[in-house]
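A.B. asks: predicted model follows, preceded by the sequence.
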Amino acid sequence: MSFDYNTSRKHLVLPEYGRNIQKMVEYIKAIEDRDERNRLAHAIVGIMGNLNPHLRDINDFKHKLWDHLAIIAHFELDIDYPYEIPKAEMFQKPPRTVEYGTHRIKFRHYGKS
């Protein structure tokens, strides 16, 4: 008897949407008809909006959902995006370096104050 554990499955790109959304995106990546892919992509974005209703409070939340769809698809989905086509480089910027203080703290256990 073999068990299907989550640790043996593919890694979830954005876990807040779940495995079913990721499977749907993988399915539409395999469809050859572009019109059908576009129709299903709009349906998936609608489902993603229903799964996370707190995103509706954010300005331009539809743009964020389309960006999330591109991230889940690893930027390989060939559809007509209603917004600017996202690029992988936009989301993989290195973090800013933290500037450390140069002043000497007399009593370190009290901190800066």
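C.D. replies: All right, it came through fine. Computed from a prediction, not measured in an experiment: that's the story for all the values here.
A.B. asks: is residue 21 in contact with residue 50, as I believe?
C.D. replies: No. Using Cβ atoms under 8 Å, residue 21 is not in contact with residue 50, being 10.8 Å away. In short, each C-beta sits where N, CA and C put it, glycine included.
A.B. asks: those two: who's more crowded?
C.D. replies: Neighbour totals were compared for residue 21 and residue 50, and residue 21 leads with 20 against 8 (other Cβ atoms under 10 Å).
A.B. asks: sticking with the residue lying closest to residue 31 once chain neighbours are set aside, tell me its helix or strand.
C.D. replies: Closest residue to residue 31 apart from its sequence neighbours, by Cβ to Cβ, 6 or more residues apart in numbering: residue 37 at 5.1 Å. Using DSSP states H and E, residue 37 sits in helix 34-51.
A.B. asks: tell me the first helix or strand C-terminal of that helix.
C.D. replies: As assigned by DSSP H and E, the chain's next helix or strand after helix 34-51 is helix 61-72.
A.B. asks: name the next helix or strand downstream of that next one, please.
C.D. replies: helix 88-91.
A.B. asks: what's next to that following helix, contact-wise?
C.D. replies: Helix 88-91 is contacted by residues 67, 71, 75 when judged by Cβ atoms under 8 Å, 6 or more residues apart in numbering.
A.B. asks: redo the residues you listed as a markdown table? Include pLDDT, neighbour count and distance to residue 28.
C.D. replies: Compiled in a markdown table, those are given as follows (pLDDT from 0 to 100; neighbours: other Cβ atoms under 10 Å; distance: Cβ to Cβ, whole Å):
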| residue | pLDDT | neighbour count | distance to residue 28 |
| --- | --- | --- | --- |
| 67 | 90 | 16 | 16 |
| 71 | 91 | 15 | 15 |
| 75 | 89 | 14 | 14 |
